[in-house]
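> quick check, what structure comes out for this input:
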Amino acid sequence: MDNMSNNENNQGGSLGLWTCVAMIAGGMVGSAIFSLSGLTMTAAGPSAILTWAIAAVIMLCYGLICAELSTRFPKSGGVFVFPSKALGKTEKEGRLWGWISTWGYINANIVAIAFAAIYVGTYLSVGFPIFEGKQVPLAIVSILFIFVLNSVKFSLAGKVNNLLVLGLVIAMAVYIGVAFTTGAWDGATLTPFFTQGSAGSTGFLAMVPTAMVGYGSIVAMAFMVSEVKNPNKNVPKSILIALILVVSLYVGIILATVGMVSAEYLMENPGMQFIPLYAAAFTKLASIPWISKVISIAALFALLTTMLTVTSLTSRAVQATAEKGLMPAKLAENNKAGVPVYATILIMAPCLVISCFPQLTSTIVSFAALFATVTITINVVSLLVARKKFDLPEGAFHAPGGKVLPIVALVLIVLCYIPDIIGGGWKIWAYTIVWYVVGLIYYKVRNGKNK
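Model prediction:
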């Protein structure tokens, strides 16, 4: 068996534990809690609380799997690095699996960044009338702002992210406090607990895949392990701490909201399903006009932190593939601040284009489900294979549960995504197949040039 060097595994970057926690938490608390949470409340009613708790457990399993992979293969760009190191009998076969994983991941993350940018304008316009009708310009400005942050020293971007996350937590705490202390919250709306939603008594299970989207950035530091100080300890610790923080925030917000806004109200007012906190602000909290501005500010912070984290993840993935010759060498270069600025430009350019078409948001987002399933599956299989091929480096993190954890995680994740994939119809399959065919053709041509 091969053993990775202990020195390589202990290499660390500039990000300490709490900055890592903020990066993961900021990446998770994005558009999900401000829009997707409304869909879960509509379908499941008060039992949406269980939806988000179950999704958290499933994604924790995936996060721990990637944490172990990151300490086995401690290099940023994990979505490419993990399968390229673990899978295939030869280096060439491994690179192919890494490319397949990364090719879908890039697509899904470009969509996620553009989606968040579009909603920057949506939330600001609701809370501040001065921004009404400026959705596209605000989306473009937010993307440019995130590009600038991703072009400076990563430790500085981490500090900005820390401030944004702190502001987000304070704003959400204010919303939760107002809901429970002003008499607007009514515990009677939680009964019946399981049958209020449009999806009936099993709605809380049906909406788990939707909630899982909200925890997608749980792998952020595992995929950017080169940036982390003492990654063997800080990567798994930051995953667990961030998840506890985010789940507490999610449960608090959903409990506060379902106590003010019923599933029936959301069904009768479809426009409110994507802005459930505003539904509470405009109905039960109408006597407190400033609360809608607090929600807008919190949403802005949440969306920006998500965009920052996802952009960082994706640019590192592109850089990792470029270092192996699968993309132009320029994309592997760092600027003076030590960040892959050319890879960032490649990611942000299509985000700018997509953000100009907010009317296509729901269609665009639905196309990302299958890519997520493929990438997650490849990474889980990578751990199973890596454990057979390589000894665990000394001091590296070992995910608990032995073989049971990755197998159970894989089954649960795939099962959860199947309804969304099937529900997308033939278009999602056609789009996905075309994307991967294009990627494989590019891979073949690129490999031919590198011979």
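> okay, now the unreliable bits of the stretch 251-400 of the chain?
Scanning the stretch 251-400 of the chain for pLDDT under 70 picks out 361-367, 369.
> residue ranges of the helices in it, please?
Under the criterion DSSP state H, counting those that start in this stretch, the stretch 251-400 of the chain contains helices at 263-268, 276-282, 291-323, 341-354, 361-366, 369-389.
> just put the ones you listed in a markdown table and tack on distance to Leu249 and mean neighbour count.
Heads up, the C-betas are built off the backbone N, CA and C, glycines and all. A markdown table is the format used below for the helices of the stretch 251-400 of the chain (distance: least, CB to CB, whole Å; neighbours: other CB atoms under 10 Å):
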| stretch | distance to Leu249 | mean neighbour count |
| --- | --- | --- |
| helix 263-268 | 21 | 18 |
| helix 276-282 | 12 | 25 |
| helix 291-323 | 10 | 26 |
| helix 341-354 | 26 | 20 |
| helix 361-366 | 22 | 16 |
| helix 369-389 | 23 | 20 |
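> list the contacts for the residue nearest to Ser292 when sequence neighbours are not counted?
Nearest residue to Ser292, sequence neighbours excluded (CB to CB, 6 or more residues apart in numbering): Ala281, at 4.4 Å. With CB atoms under 8 Å, 6 or more residues apart in numbering as the criterion, the residues that contact Ala281 are 288, 291-292, 295.
> select, out of the helices of the stretch 251-400 of the chain, the one closest to Ser125.
Closest approach to Ser125 among these (CB to CB): helix 291-323, 8.6 Å.
> list the buried residues in stretch 43-50.
43-50 (16 or more other CB atoms under 10 Å).
> now, those residues that are in helices?
Among the buried residues of stretch 43-50, DSSP state H puts 43-44, 48-50 in helices.
> now the helices of the stretch 251-400 of the chain as a markdown table including distance to Ile140?
What follows is these, written out as a markdown table (distance: least, CB to CB, whole Å):
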| stretch | distance to Ile140 |
| --- | --- |
| helix 263-268 | 31 |
| helix 276-282 | 23 |
| helix 291-323 | 12 |
| helix 341-354 | 6 |
| helix 361-366 | 15 |
| helix 369-389 | 25 |
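> re earlier: tell me which of the ones in helices among the buried residues of stretch 43-50 is nearest to Gly252?
Nearest to Gly252 among these, with distances taken as CB to CB, is Ile49, at 9.8 Å.
> how far away is the closest one from Ile113?
Using CB to CB, to the nearest Å, Ile49 is found at 29 Å from Ile113.
> now do Gly121
For Gly121, the distance to Ile113 (CB to CB) stands at 14 Å.
> quick one, which of those two is more surrounded?
A direct count of neighbours by other CB atoms under 10 Å for Gly121 and Ile113 places Ile113 higher, at 27 against 24.
> distance from the chain centre to stretch 297-310, please.
Relative to the chain's own centre, stretch 297-310 is displaced by 11 Å; criterion: CA atoms, centre = their mean, to the nearest Å.
> point out the other helices and strands that the helix or strand harbouring Leu249 packs with.
Assigned by DSSP states H and E, Leu249 falls within helix 231-258. Judged by 3 or more CB pairs under 8 Å, 6 or more residues apart in numbering; DSSP states H and E, the packing partners of helix 231-258 are helix 17-28, helix 37-44, helix 48-72, helix 154-181, helix 220-223, helix 276-282.
> in a markdown table: these, plus distance to Ala337.
Below are those laid out as a markdown table (distance: least, CB to CB, whole Å):
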| stretch | distance to Ala337 |
| --- | --- |
| helix 17-28 | 16 |
| helix 37-44 | 36 |
| helix 48-72 | 23 |
| helix 154-181 | 8 |
| helix 220-223 | 19 |
| helix 276-282 | 36 |
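> what about those helices, which gets the closest to Tyr342?
helix 154-181 (15.6 Å).
> for the closest one, name the packing helices and strands.
helix 17-28, helix 231-258, helix 291-323.
> roughly how far does the nearest residue to Ser382 once chain neighbours are set aside sit from Asn379?
Computed as CB to CB, 6+ apart, the closest residue to Ser382 that is not its neighbour in sequence is Ala86, at 4.1 Å. Distance from Ala86 to Asn379, counting by CB to CB: 9 Å.
> repeat for Ile100
11 Å.
> okay, and the common contacts of the two?
When contacts are counted by CB under 8 Å, 6+ apart, Ile100 and Asn379 are jointly contacted by Pro83.
> adding distance to Leu370, write the helices and strands packed on helix 154-181 out as CSV.
As requested, the helices and strands packed on helix 154-181 are exported to CSV (distance: least, CB to CB, whole Å):
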stretch, distance to Leu370
helix 17-28, 21
helix 231-258, 25
helix 291-323, 18
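> I'd like to know which of these is closest to Ser155.
Comparison of the helices and strands packed on helix 154-181 against Ser155 by CB to CB identifies helix 17-28 as nearest, at 7.8 Å.
> roughly how far is the closest one from the heart of the chain?
Taking CA atoms, centre = their mean, one finds helix 17-28 lying 12 Å from the centre of the chain it belongs to.
> same question for stretch 99-112.
Here the centre of stretch 99-112 is set off from its chain's centre by 12 Å, with CA atoms, centre = their mean.
> got it, and stretch 378-392?
Here stretch 378-392 is found 23 Å from its chain centre; the criterion is CA atoms, centre = their mean.
> check stretch 394-401 too.
From the chain centre to the centre of stretch 394-401 is a distance of 24 Å (CA atoms, centre = their mean).
> just stretch 139-159 next, same as before
The answer for stretch 139-159 is 17 Å, by CA atoms, centre = their mean.
> now it: mean pLDDT?
Averaging the model's pLDDT scores along stretch 139-159 yields 90.
> list the buried residues in that stretch.
For stretch 139-159, by 16+ other CB under 10 Å, it's 139-140, 142-143, 145-147, 149-152, 154, 157-158.
> same list (those residues) but as CSV, adding distance to Thr191.
Formatted as CSV, those follow (distance: CB to CB, whole Å):
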residue, distance to Thr191
Ala139, 41
Ile140, 46
Ser142, 41
Ile143, 44
Phe145, 44
Ile146, 43
Phe147, 48
Leu149, 45
Asn150, 47
Ser151, 52
Val152, 51
Phe154, 49
Ala157, 46
Gly158, 44
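> quick one: which of the residues you listed is nearest Pro419?
Nearest to Pro419, judged by CB to CB, of these is Ala139 at 29.5 Å.
> quick one: which helix or strand includes that closest one?
Taking DSSP H and E as the definition, Ala139 sits inside helix 135-149.
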